[in-house]
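Colleague: Need a 3D model of the following:
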Amino acid sequence: MCLHRARSVRPAGRRGFTLLEALLACIVIVIALLGLAATLSYISRSDMSAQETSDALNAARAEIETLRATSFAQLAALANTEFAVTGLRGLNPTGTIQVNTVNPALYDVTVTVSWRGVMGERSLNLRTQIAEQ
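Modeller: From the prediction side, this is the model:
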């Protein structure tokens, strides 16, 4: 029986990477870069979504300020009405006003801004109470 010595993958005395090692290294790098690209994409979308939410909040605050400047007697007539939303261009925003008039001296007012943004359908509610003076 003849025993042969197994040859190593690399001939003795040679340095460097084999083709298989280089290929595996490239695959690992590509997988890492794909993960990084997905993370960067998510971060970018999250940043845009935060900006949209900030713009919607500013629009709702502006509408609340407009409602505070409206006479108390006219507030009840604004229940279930819509308003034009500014600052959310291209996102098809809609704004609605709800006025709860159960207490005749204190109205509960909710302003809702809805839009279609980078994260899908979104809405924001801003609620305040306005008292008769």
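Colleague: which secondary structure elements does the lengthiest helix in the chain contact?
Modeller: Ranked by residue count, the top helix of the chain under DSSP state H comes out as helix 19-69. Packing partners of helix 19-69 (3 or more Cβ pairs under 8 Å, 6 or more residues apart in numbering; DSSP states H and E): strand 94-103, strand 106-117, strand 120-131. No exception for glycine: its C-beta is placed from N, CA and C like everyone else's.
Colleague: what comes into contact with the next helix-or-strand element following it?
Modeller: Towards the C-terminus, the helix or strand next in line after helix 19-69, according to DSSP states H and E, is helix 72-75. Helix 72-75 has contacts (Cβ atoms under 8 Å, 6 or more residues apart in numbering) with Leu67, Val99, Tyr107, Val109, Ile130, Ala131, Glu132, Gln133.
Colleague: do the same with stretch 120-133
Modeller: With Cβ under 8 Å, 6+ apart, stretch 120-133 has contacts from 49, 52-53, 56-57, 60-61, 64, 67-68, 72, 75, 104-116.
Colleague: Whichever of the contacts of helix 72-75 count as buried, I'd like them selected in ChimeraX; how would that read?
Modeller: Per 16 or more other Cβ atoms under 10 Å, the buried members of these correspond to this ChimeraX selection:
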select :67,99,107,109,130
